[in-house]
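Colleague: just a sequence and a predicted model for now, questions to come.
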Amino acid sequence: MAAIEFGGKWGYVNRVDELVVEPRFNAARSFSEGLAAVKIVNKWGFVDKTGKLVIEPRFDNAGRFNEGLGDVVVGGKWGYLNRAGILVFLDSSKCADVPP
């Protein structure tokens with residue numbers, strides 16, 4: 001699936017450009033391991049391929065899942081959470097540069 005922007009909101013289309021998840025997010029990242037980071041207002045969470053919010057938006061930034069862990073930013077610190085949304089590691093040092 002691919003993220004698409006329509007009317008200032010983001011959603012997802014499948015391989016034949018059929019709309020699968022209605023554009024309703026402020027930003028959206030690519031899927032990895034069945035989940036994608038999405039921004040709702042000013043916080044990031046994760047959706048599954050049906051568009052269901054599976055990890056509530058509570059992060060300052062979010063990236064991709066890899067080997068069962070997703071990278072997120074909380075209070076300017078990078079960390080990792082599991083697929084249940086539980087932080088399993090939070091770096092004690094501040095991020096030098098937090099990407100948008």
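Modeller: Arrived safely, thanks for sending.
Colleague: going by C-alpha atoms from here, please, whenever you check contacts or count neighbours.
Modeller: OK.
Colleague: what about residue 70, neighbour count?
Modeller: Residues near residue 70, counting by other C-alpha atoms under 10 Å, number 24.
Colleague: quick one: it and residue 8, what's the gap?
Modeller: Distance of residue 70 to residue 8, given as C-alpha to C-alpha, to the nearest Å: 26 Å.
Colleague: next, the most centrally placed residue in the chain: secondary structure please.
Modeller: In the chain, the residue lying closest to the centroid (C-alpha atoms, centre = their mean) is residue 37, at 0.9 Å. Counting by DSSP: H, G, I helix; E, B strand; the rest coil, the backbone at residue 37 sits in strand.
Colleague: need the contact list for it.
Modeller: The contact partners of residue 37, taken as C-alpha atoms under 8 Å, 6 or more residues apart in numbering, are 28, 29, 30, 31, 44, 45, 46, 47, 62, 63, 64.
Colleague: residue 65 now?
Modeller: 32, 33, 35, 71.
Colleague: rerun at 6 Å
Modeller: By C-alpha atoms under 6 Å, 6 or more residues apart in numbering, the residues touching residue 65 are residue 32.
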